[in-house]
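Asks: Any chance you could fold what I've pasted below:
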Amino acid sequence: MDRRHLLSDQDEPTAGPAYHYPAVPPAAGQWAGAGAEATAPPIEDMPTVPGYENLGPGYNDVPPPPGGYQHPEPPAASPTRRWDIPAISEELAREAFIEYATSSCCYSSKPPKEMVLTDLQALNTYRYRLETFTESRSTEWATEPYNGQLVDGMSGVAPGPWDVAVSVPTLFLDSEMDIRIPHTASIKGCHSCLNLGKSACNRCVTSGRIQCEMCRGSGADTSHQQCYSCNGLGRVKCRDCSGVGSTTCATCQGRGQLLCYVKLKIKWTNNMYVQVMDKRSGFPVDLLDSVAGETLLTDMNALVYPVSSFPDEAVNTASRKAVQEHQAQFSTSCRILQQRQTIELIPVTRVHYAWKEKTHIFFVYGVEHKVFTKDYPAKCLCCTIS
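Replies: Presented below is the predicted three-dimensional model:
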C-alpha cells in the first residue's frame, strides 16, 4: 500500500546551501483599505518588461531551465544482512494487553490477567519512505500603492525567474517566499479612481446624504413629531464618506498612483512517498502511521539511487517505483534540491492466547508497544448491544 502526501519532517534539520548574492526584499503585499474592494489593473494595461511579455493573469508556473538533471550514482555499498526483531517476551505482551484493557472503561481486566499465552509470532514489517525536496517558481503581475518606493524598471535588465538568487531554507520543510523581481517596477496611474485617489461613495451615490433610519425618510417619528435624528429632513449625513460623497480609493489608498512589478513566488515542498510492506497477517497497516520503528537505512543525496539489494525484495521494488515516479513527476516541472530515503523495521508481534476455553489473537506493534485486537473477549453490556 502506498500513500503520497506532502509532509514536513522534523528530524535531522539541516541548513541548505546558499547562493552567492542576496535575495531581493519581499514586496509589501497587496492593497488594503476600507470600502470598495481593491482590484488589479487589466493585464493589457501593464507595462512591457523584456522577458515577461507573455505574462498572463494569475500565477504562471515557470519550469526550471534544462540541463540541471543529473543521474543518481549507485551507492558504494548496499545492505546485505537481514534484520530481524524477535518476538516480544510473554511478560511484555501481558503488560501491554493489561494497559490496553485499562484504557477503556468498557473492558474487563480479567482476560489479560487470566489468559494463557500459546504463541508469539514476530512479523518483520518494513516501511519505506522517499522524500523529495523541490523548489518551484511562478510569476504574476502585482501592484501596490506608490509611496515613494524604488522604481528600477529603467535601470537594468530584469533577471529571469530562475536567475533570482535566494537562500535555500531548512531542508525537507515546506515554506514559500514572495519576491519582487528587480528591474520590473514602474509607476502607472490608478485605474480604479482615474488617478484621483478618491472613489464615488457606493452608499450615498456621491450625494453625501442617506435616508434616515429612524423615520425611514418621513421626517417624523411614530407620534407624528419631528424626527430628532434628522431634524425632520428625512436624510442624514452618510457615515461611509462623512458627507463628502467620496471615499479613499481602496486600490491606491488615496495616492492616485500604483507601483507595478513582476512578483516571483517560490515554493519549497517536501514531497513524500511512503509504502508499508503488508504481511497480510490480519493487522491493519494504517495503524503503523502513528508509531515509530527502528531505522535500518538512511540515504540522503541530491538524487538517491534506488535500493537494490535489501533482503526483502518488496522493499527494493518499492524503492525503484518511488524513485522513478518522483523523477518523472518533478524533474521537469521544478528543481529537485535533495532526496532522502529511509527504511524502518516496525516491530509487530501476533499473540495467540486462550481464555475461558476459547482462543483469541491480539497484536503488539511499534516501539511504543501499542495493542490492536478485533474482538476483545470481555466487554460490558453497553459495548455488546448492537
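
Asks: Identify the residue nearest Pro42 in space, chain neighbours excluded?
Replies: With sequence-adjacent residues excluded and distances taken as CB to CB, 6 or more residues apart in numbering, Pro42 is closest to His191, at 7.2 Å. For every residue, glycine as well, the C-beta is placed using N, CA and C.

Asks: so that neighbour, which of the three states?
Replies: Using DSSP: H, G, I helix; E, B strand; the rest coil, the structure places His191 in coil.

Asks: what do you get for the one 4 residues further on?
Replies: Look at Asn195: counting by three-state DSSP, its state is coil.

Asks: burial of the residue nearest to Pro42, as a residue count?
Replies: 16 (other CB atoms under 10 Å).

Asks: Ok, Met177 next?
Replies: Met177, neighbours per other CB under 10 Å, totals 14.

Asks: Run through the strands of the protein in chain order.
Replies: For the chain, applying DSSP state E gives strands covering 2-6, 60-62, 116-145, 175-180, 186-189, 198-200, 209-211, 235-237, 246-248, 257-276, 294-301, 335-355, 358-365, 370-372.

Asks: is it possible to export those strands to a markdown table including mean pLDDT?
Replies: Conversion of the strands of the chain to a markdown table gives the following (pLDDT from 0 to 100):
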| stretch | mean pLDDT |
| --- | --- |
| strand 2-6 | 34 |
| strand 60-62 | 91 |
| strand 116-145 | 94 |
| strand 175-180 | 96 |
| strand 186-189 | 92 |
| strand 198-200 | 92 |
| strand 209-211 | 90 |
| strand 235-237 | 91 |
| strand 246-248 | 92 |
| strand 257-276 | 96 |
| strand 294-301 | 92 |
| strand 335-355 | 94 |
| strand 358-365 | 95 |
| strand 370-372 | 95 |
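
Asks: who does the longest helix that the chain contains touch, helix- and strand-wise?
Replies: Assignment by DSSP state H gives helix 313-330 as the longest helix of the chain. In terms of contacts (3 or more CB pairs under 8 Å, 6 or more residues apart in numbering; DSSP states H and E), helix 313-330 is packed against strand 2-6, strand 116-145, strand 257-276, strand 335-355.

Asks: Tell me, how many residues neighbour Pro74?
Replies: Per other CB under 10 Å, the neighbour tally for Pro74 reads 10.

Asks: for Pro65, same thing?
Replies: Neighbour count of Pro65, defined by other CB under 10 Å: 11.

Asks: which residues does it contact?
Replies: Applying CB atoms under 8 Å, 6 or more residues apart in numbering to Pro65 gives the contacts 160, 162.

Asks: If we use 6 Å, what do you get?
Replies: Taking CB atoms under 6 Å, 6 or more residues apart in numbering as the criterion, Pro65 is in contact with Trp162.

Asks: any idea how far it is from Ile187?
Replies: Distance of Pro65 to Ile187, computed by CB to CB, to the nearest Å: 31 Å.

Asks: Then Glu176?
Replies: 28 Å.

Asks: that older thread, so for Pro311, which of the helices and strands packed on helix 313-330 sits nearest?
Replies: Comparing those by their distance to Pro311 (CB to CB), the top pick is strand 116-145, with 9.3 Å.
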